[in-house]
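1. here is a sequence with its predicted model. Questions after.
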Amino acid sequence: MSNKSPKKSSQTSQHHPETIGPWQLLKTIGKGSSACRVKLAKHRKSHQLAAIKIVAKSSLAPKQSSNHDDPWRALRAIEREIAVMKIIDHPNITSLYDVWETTDYIYMIMEYASGGELFSHLVERAKKNAARAKPGQPPPSRALPPDEALRLFQQLMYAVNHVHNLALCHRDLKPENILLAKDRQTIKLADFGMATLAGEDIVISKRKTKKGRKLLKTSCGSPHYASPEVVQGKPYVGHMADVWSCGVILFALLTGRLPFHDEKLV
């Protein structure tokens, strides 16, 4: 992890310095939990925008962990995310520019995708279609137009294929972790907190498939998008679990709902 530390390193648990290195912190644009949030930032010289993920170190301490088998799981996850993002370079995956630390926080300076989450785009499209509905007519489609859905999905496939070619598995593919560029024509795969490297001891069992691929044991992903073996807590092949999640995402893009239990996105 980077040993860079901004000049203003003394801070409370509720306040952050105005600047992190060359980056000026602006408004909060996302919250994952009380210990993790994302702020918009601007480079003081180039004026480039970035998204800074702020992680409280207190949340990484073993006493805060709910996983009794691996009390350092939270710390390992953030270290894994940083390590994975440092080796990935792809136009459809968010870039990690830099990592800074203070006494209390870790700051991940990442590419800013101003188009928001793909999930929010789907919800917004569904609401607009519903507003245009006229009495007596069939319910409006909640899906994206096929050409738009396929264009976005093709980019997702490029991103996932690149990840797999690096012997990595994302393990949490869902519309909430797919961001859109400003024009909403380009996707940016994000959130590698559950990603795994092939051969990582803490997540891989000794069992292998017939083709020699190791089976993962740890639970991951969101239930609606996770493969059956993941949901059932069985050993699974990470790459195949990602492919399953991609299939669910494609179904959601084309129909506006999830494939099981006829569950609607909004």
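-> Thanks, I have it.
2. so how far is stretch 163-176 off the chain centroid?
-> Centroid displacement of stretch 163-176 relative to its chain, using CA atoms, centre = their mean, to the nearest Å, is 9 Å.
3. apologies, that question was intended for stretch 132-139.
-> 36 Å.
4. and stretch 170-179, by the same measure?
-> Here stretch 170-179 is found 5 Å from its chain centre; the criterion is CA atoms, centre = their mean.
5. ends of it, how far apart?
-> For stretch 170-179, the first-to-last residue distance is 15 Å (CA to CA, to the nearest Å).
6. ok so Gly247 is a helix residue?
-> Yes: looking at Gly247 with DSSP: H, G, I helix; E, B strand; the rest coil, it is inside a helix.
7. pretty sure Ala56 sits against Tyr107.
-> No: between Ala56 and Tyr107 there is no contact under CB atoms under 8 Å: 11.0 Å. In this view, the C-beta of every residue, glycine as well, is placed from N, C-alpha and C.
8. the two: which has the busier surroundings?
-> Legend: neighbour count by other CB atoms under 10 Å for Ala56 and Tyr107, higher for Tyr107 (26 against 17).
9. going on from the host helix or strand of the more buried one, what's the next piece of helix or strand?
-> In this assignment (DSSP states H and E), Tyr107 forms part of strand 105-111. Next helix or strand after strand 105-111 toward the C-terminus (DSSP H and E): strand 116-117.
10. just checking: what are the partner strands of that next one?
-> Strand 116-117 has the following strand partners under DSSP bridges: strand 178-180 (antiparallel).
11. so how far is the partner strand from its chain's centroid?
-> Strand 178-180 sits 9 Å away from the centroid of its parent chain (CA atoms, centre = their mean).
12. average pLDDT across that strand?
-> Mean pLDDT, computed over strand 178-180, is 97.
13. cool, and stretch 119-133?
-> For stretch 119-133, mean pLDDT rounds to 82.
14. cool, and stretch 76-90?
-> Taken as a whole, stretch 76-90 carries a mean pLDDT of 90.
15. go through it and flag the buried ones.
-> Residues of stretch 76-90 classed as buried: Ala77, Ile78, Arg80, Glu81, Ile82, Val84, Met85, Ile88, His90 (neighbour count, 16 or more other CB atoms under 10 Å).
16. the longest helix along the chain - contacts with which helices or strands?
-> The residue-count maximum for a helix in the chain (DSSP state H) belongs to helix 146-165. Under the contact definition 3 or more CB pairs under 8 Å, 6 or more residues apart in numbering; DSSP states H and E, helix 146-165 sits against strand 187-189, helix 238-255.
17. out of the helices and strands in this structure, which is least certain?
-> strand 204-208 (a mean of 41; mean pLDDT, DSSP states H and E).
18. for the longest helix of the chain, give me every contacting residue.
-> Where contact means CB atoms under 8 Å, 6 or more residues apart in numbering, the residues beyond helix 146-165 that reach it are 88, 90, 92-93, 118, 143-144, 169-170, 173, 178, 185-187, 189, 195, 239, 242-243, 246, 249-250, 253-254.
19. can you tell me which of the residues you listed are buried?
-> By 16+ other CB under 10 Å, the contacts of helix 146-165 give 88, 90, 92-93, 118, 143-144, 169-170, 173, 178, 186-187, 189, 195, 239, 242, 246, 249-250, 253-254 as buried.
20. for the helix or strand just after the longest helix of the chain, name the packing helices and strands.
-> Note on helix 146-165: by DSSP H and E, the next helix or strand toward the C-terminus is strand 168-169. With contacts taken as 3+ CB pairs under 8 Å, 6+ apart, strand 168-169 sits against strand 196-197, helix 238-255.
21. longest strand of the chain?
-> When the chain is parsed with DSSP state E, its longest strand is strand 23-33.
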